[in-house]
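[1] Can you look at this prediction? I've put the sequence above it.
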Amino acid sequence: QVQLVESGGGLVQAGGSLRLSCAASGRSFASYTMGWFRQVPAKERDFVARISPSGSIADYSDSVKGRFTISRDNVKNTIYLQMNNLKPGDTAVYYCAADRSAFSIVPRTDRTEYDFWGQGTLVTVAS
């Protein structure tokens, strides 16, 4: 079992930057693939990025590639999402998630493939 707590959301102007953090409890953090998803009201929770247990492999959705960077610190049991050049379309609640199954070279982008979730943090990008 792992508990995830996101932080770092807020209001930012278009073109600005934010860094989200997700702190994890539990002894198995370093073995989990970790991901970020986002959701706007009345829409599906969409994949944003994921990172392998070692941190050596990262994958991104096309909508954020080149602007967002996912990273992790397995000593601090924390993952990060650095978001640059933010756009109004990035406005959403951002969730971190943990996948406890064996790492797949094919990115798991469906929310049902992740086992544990944080409560979310709201990011609002003003135009």
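    Yep, it's here.
[2] who does Gln82 bridge with?
    With DSSP bridges as the criterion, Gln82 is bridged to Arg19, Thr69.
[3] my guess is it meets Gly8, correct?
    No. Using C-beta atoms under 8 Å, Gln82 is not in contact with Gly8, being 9.9 Å away. To be clear about C-beta, it is placed using only N, CA and C from the backbone, and glycine gets the same treatment.
[4] which neighbours do these two share?
    Arg19 (C-beta atoms under 8 Å, 6 or more residues apart in numbering).
[5] Ser71 is in what secondary structure piece?
    Element membership for Ser71 (DSSP states H and E) is strand 68-73.
[6] what packs against that strand?
    strand 33-39, strand 46-51, strand 58-60, strand 78-83 (3 or more C-beta pairs under 8 Å, 6 or more residues apart in numbering; DSSP states H and E).
[7] ok, the closest residue to Gly8 other than its chain neighbours to Thr78 distance?
    Residue nearest to Gly8 in three dimensions, not counting chain neighbours: Leu20, with 4.2 Å by C-beta to C-beta, 6 or more residues apart in numbering. Leu20 sits 10 Å away from Thr78, going by C-beta to C-beta, to the nearest Å.
[8] what pairs with the spatially most central residue of the chain across the strands?
    Residue closest to the average C-alpha location in the chain (C-alpha atoms, centre = their mean): Trp36, at 1.9 Å. Using DSSP bridges, the beta-bridge partners of Trp36 come out as Ala49, Cys96.
[9] mind listing what it touches?
    The contact partners of Trp36, by C-beta under 8 Å, 6+ apart, come to Leu20, Cys22, Val48, Ala49, Arg50, Ile70, Ile79, Leu81, Tyr94, Tyr95, Cys96, Ala97.
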